[in-house]
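sequence first, predicted model second:
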Amino acid sequence: MIKVKRIAITPGEPAGIGPDLVLAMAQEDWPHELVICASSQLMVERAAQLGLPLDVIEYDPARPPQPHKAGTLVITDCKLKAPVIPGELNEQNGHYVLDTLSRATQGCMSGEFAAVVTGPVHKGIINRAGVSFSGHTEFFAQQSNTAQVVMMLATEGLRVALVTTHIPLAYVSKAITAERLQQIIRILHADLVSKFGIEQPKIYVCGLNPHAGEDGCLGKEEIEVITPALDQLRQEEGMKLFGPLPADTIFQDKYLADADTVLAMYHDQGLPVLKFKGFGKSVNITLGLPFIRTSVDHGTALELAGTGQADTGSLWTALSHALELVEKQT
Ligand SMILES: NC(=O)C1=CN([C@@H]2O[C@H](COP(=O)(O)OP(=O)(O)OC[C@H]3O[C@@H](n4cnc5c(N)ncnc54)[C@H](O)[C@@H]3O)[C@@H](O)[C@H]2O)C=CC1
Ligand SMILES: NCC(=O)COP(=O)(O)O
């Protein structure tokens, strides 16, 4: 019999679809306890707007974890700073969102929670609230004092990891140093072995420039940085790395049938392909953190908040994936 674990869930931006999705997911039984880091008032109001039954249970860390029962929500209350209107961002609640993430981090770091699953946040409104914030990935890394983490999204038949995450395109080339690339690949390799049970991961690496630089006439990063960094890892650490290959032709069956993951150089080089294949059925996983963190593949979809039209597919995938990782760990 499996031991019941506590999984933290952060619904994210209160005016977005995160609360709706969490409420919809809560309508089924789950084998582990789900602890929602959010405002109880928000969840009760949104449940009423959606016409969903809800029995709120105040979170008690002293109580042994219980499997999640359909129609209930165990909530560790985080106070809103302002009332919420679905679909309307309010910068006064920027700090509320960060409070929910900090509560989850603190619980994951102390061992209170076995994992955290995050709903979508709105990066812009958190910045408008006066906090420099580029994403959960960077926030959790900073809060857990982790120097380097890796963003990887996965859907049926494809995993895509990123060398750079939420930075302007103009900064990407400078950010791709041999040191960073090697750190990222080591984390990716280690987690594919330990978390995904792949003995000798095969990592297919994209070039940065069109046609992977075309022998240097369309850009020199492949020759000066990427190829030497990969060669060193192949020779000294025995990793199975392929490339750098042109990003416009790497995503074809010939390579994907063999690849355990594709490593893209930047956000919009890899994620559009992944989302074209599996938007709404993908999970975002942060590798290299001292705890398990999975997330949805989509954003706040403000126009759908409170309508009951938002699709729960990605949250379901993210939660199922977190539970798999938790069970594998034990
Ligand atoms: N995990 C996270 O916290 C993420 C947050 N974001 C943030 O979300 C905000 C809005 O970003 P957008 O680029 O507009 O992306 P979005 O994912 O919110 O919306 C893109 C399109 O997909 C639709 N959509 C998204 N999720 C859906 C769902 N579950 N069911 C049905 N339709 C859905 C929306 O209605 C819209 O048409 C931004 O601030 C962005 O930074 C974006 C991606 C991930
Ligand atoms: N495109 C992924 C995204 O924006 C979510 O990033 P994060 O908030 O999980 O770091």
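Looks like it arrived, so ask away. Ligands and ions are numbered 1, 2, ... in the order given.

ranges for the strands of the stretch 201-330 of the chain?
Along the stretch 201-330 of the chain, counting by DSSP state E, counting those that start in this stretch, strands occupy 202-206, 240-245, 261-264, 283-287, 292-295.

I'd like to know which of those strands lies nearest to Gln329.
Nearest to Gln329, of all those, is strand 292-295, at 7.4 Å by CB to CB. (C-beta placed from N, C-alpha, C; glycine too.)

which strands and helices sit next to the closest one?
Judged by 3 or more CB pairs under 8 Å, 6 or more residues apart in numbering; DSSP states H and E, strand 292-295 is in contact with strand 115-118, helix 136-143, strand 283-287, helix 313-329.

make a markdown table out of these and add mean neighbour count.
Shown next, in a markdown table, are those (neighbours: other CB atoms under 10 Å):
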| stretch | mean neighbour count |
| --- | --- |
| strand 115-118 | 26 |
| helix 136-143 | 20 |
| strand 283-287 | 25 |
| helix 313-329 | 20 |
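
out of the strands of the stretch 201-330 of the chain, which is closest to Ala82?
Among the strands of the stretch 201-330 of the chain, strand 292-295 comes nearest to Ala82, with 24.9 Å by CB to CB.

do the closest one and ligand 1 meet?
Yes: against ligand 1, strand 292-295 shows contacts by CB under 6 Å from any ligand atom at Ser295.

partners of that strand in the sheet?
strand 115-118 (parallel), strand 283-287 (antiparallel) (DSSP bridges).

picking up where we left off before, for the strands of the stretch 201-330 of the chain, which one sits closest to Ile187?
Closest approach to Ile187 among the strands of the stretch 201-330 of the chain is made by strand 283-287 (5.4 Å; CB to CB).

ok, which of the strands of the stretch 201-330 of the chain comes nearest Val84?
strand 292-295 (21.0 Å).

other residues contacting that closest one?
Contacts to strand 292-295, defined as CB atoms under 8 Å, 6 or more residues apart in numbering, come from residues 108, 114-120, 136, 140, 283-286, 318-319, 321-322, 325-326, 329.

again, only using 6 Å
Contacts with strand 292-295, where a contact means CB atoms under 6 Å, 6 or more residues apart in numbering, come from 115-118, 140, 283-286, 318, 321-322, 325.
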